[in-house]
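[1] model this:
(chains A and B)
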Amino acid sequence: MSPETSPAPAATQPTNGMGRRLLFLLPVAAFAALVGVFALGLGHDPTALKSAMIDKPAPAFTLPPILEDRPGLARADLGGKPVLVNFFASWCAPCRVEHPTLTGLAASGVPVYGVAYKDKPQDARRFLGDLGNPYQRIGLDLDGRTAIDFGVYGVPETFILDRDGRIRYRYAGALTDSVLKTEILPRLEALSAQ
Amino acid sequence: MTTRLTLALLLLLAAAGPALAVNPDERLADPVLEARARALSKELRCLVCQNESIDDSNADLAHDLRVLVRERLTAGDTNAQVLAYLQARYGNFVLLKPPVDPATWVLWFGPAVALAIGAAVVIQRRRAQPAPPAPLTSEERARVDLLLADDK
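    Down below sits the predicted model:
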């Protein structure tokens, strides 16, 4: 082959060399981006819904008591000090799971208020009789309307309210000691210090 | 024996009928209000099952929300007021069709933007294609013929 009949292919597209090299990096970049997205997804629970009630005042409600020695619960009882409001039911298995954690928290002096969600009073009484009663006040939400007003979509759900009766935090699901340590107690302390 | 079995199976099938989430006792007597309630129910998400409307769902909460929607309509709420009532408690997630706001821009406009970028890339690549080489001059043609003749 004579030199004048075989021009180097690279010479015909001198400006594309850099672009080509970047093109090879594209799949690598796309892969890295996907890894990032999936890594974020792994730490995210898609069933845990964000509460729309955060920083809103607790809704108005008045619930009758279920125990003779414990008063019912109403909007007027909230405020003055930070409290926990825990929606539970005797028919709810995770509520049994979280019960010891709740009892421990109440024993440490944190005021815990309970709302028995769509529960028969006698069932709720048996539940508390069997497992012990961590609640200072318990209201019976027979038709579940108070729960809807709080934006509850399943028991157990636990709300932290500040001294103004404002909802500051919601945890959906069974409380565990680690949730208590990382989510609940720091927030309660911060609210008490305010 | 077989007839009894067939009868039993038929009875079972009859009992299994279509599962309607909306119970007869939930329905409103006023057909106009009931139609509005049904339409609203189809727009509202069952928060327990998450990918079903409350109209389709048999969840307890879906039932409660259907009853609530009907109560509010009966009380004179507009459709928008009913949706706003639930939105205030459960956030935008309760709406199966999310509203257009900065948080959902990617959802609403992402596909169109992706399509536009794809079209731009295709057009760009078409343009960047090198022009076809100029036809051979008569001198070059002659040389090619010569070379080809040599091979034979």
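
[2] Name the single longest helix found in chain A.
    Criterion DSSP state H: the longest helix present in chain A is helix A:16-42.

[3] What helices and strands are in contact with it?
    Of the remaining helices and strands, none touches helix A:16-42 by 3 or more CB pairs under 8 Å, 6 or more residues apart in numbering or on different chains; DSSP states H and E. Quick note: C-beta positions are derived from backbone N, CA and C, even for glycine.

[4] what's the angle from the longest helix anywhere in chain B to helix A:16-42?
    As assigned by DSSP H, the longest helix anywhere in chain B is helix B:105-128. Angular relation of helix B:105-128 and helix A:16-42 on a 0 to 180 degree scale: 160 degrees, by axes from the mean of the first three to the mean of the last three CA atoms, to 10 degrees.

[5] Now do the helix or strand following the longest helix of chain A: which elements does it pack against?
    Going down the chain from helix A:16-42, the next helix or strand is strand A:62-63, by DSSP states H and E. Packing partners of strand A:62-63 (3+ CB pairs under 8 Å, 6+ apart): strand A:73-74, strand A:137-141.

[6] Tell me which of those strands is the most buried.
    Per residue and on average, the most neighbours among these fall to strand A:137-141, with a mean of 24 (mean count of other CB atoms under 10 Å in any protein chain shown).

[7] Show me what that strand is in contact with.
    With CB atoms under 8 Å, 6 or more residues apart in numbering or on different chains as the test, strand A:137-141 has contacts from A:61-67, A:70-74, A:77, A:87, A:113-119, A:121, A:124, A:128, A:146-147.

[8] Check which element follows that strand along the chain.
    According to DSSP H and E, the helix or strand after strand A:137-141 is helix A:145-150.

[9] How about residues contacting that following helix?
    Residues contacting helix A:145-150 (CB under 8 Å, 6+ apart): A:53, A:58-61, A:63, A:85, A:87, A:115, A:117-118, A:139, A:141, A:155, A:157, A:159, A:167, B:61, B:64-65, B:68, B:89.

[10] please redo it, this time with the cut-off set to 7 Å
    A:Met53, A:Pro59, A:Phe61, A:Leu63, A:Phe87, A:Val115, A:Tyr117, A:Asp141, A:Phe159, B:Asp64, B:Leu68, B:Arg89 (CB atoms under 7 Å, 6 or more residues apart in numbering or on different chains).

[11] gap between it and the chain center?
    With CA atoms, centre = their mean, to the nearest Å as the basis, helix A:145-150 stands 16 Å off its chain's centre.

[12] For it, give the mean pLDDT please.
    Across helix A:145-150, pLDDT averages out at 96.

[13] so where's the chain uncertain?
    Picked chain A for this. Across chain A, the ranges flagged by pLDDT under 70 are A:1-17, A:46-47.

[14] hm, I was asking about chain B
    Chain B contains residues with pLDDT under 70 at B:1-2, B:10-21, B:151-152.

[15] how about the residues of it that lie near chain A?
    With the criterion set to CB under 7 Å from any CB of the partner chain, chain B comes near chain A through B:Leu47, B:Val48, B:Gln50, B:Leu61, B:Asp64, B:Leu68, B:Ala88, B:Arg89, B:Tyr90, B:Gly91, B:Phe93.

[16] filter those residues to the buried ones?
    Buried by 16 or more other CB atoms under 10 Å in any protein chain shown: B:Leu47, B:Val48, B:Leu61, B:Asp64, B:Leu68, B:Arg89, B:Tyr90, B:Gly91, out of these.
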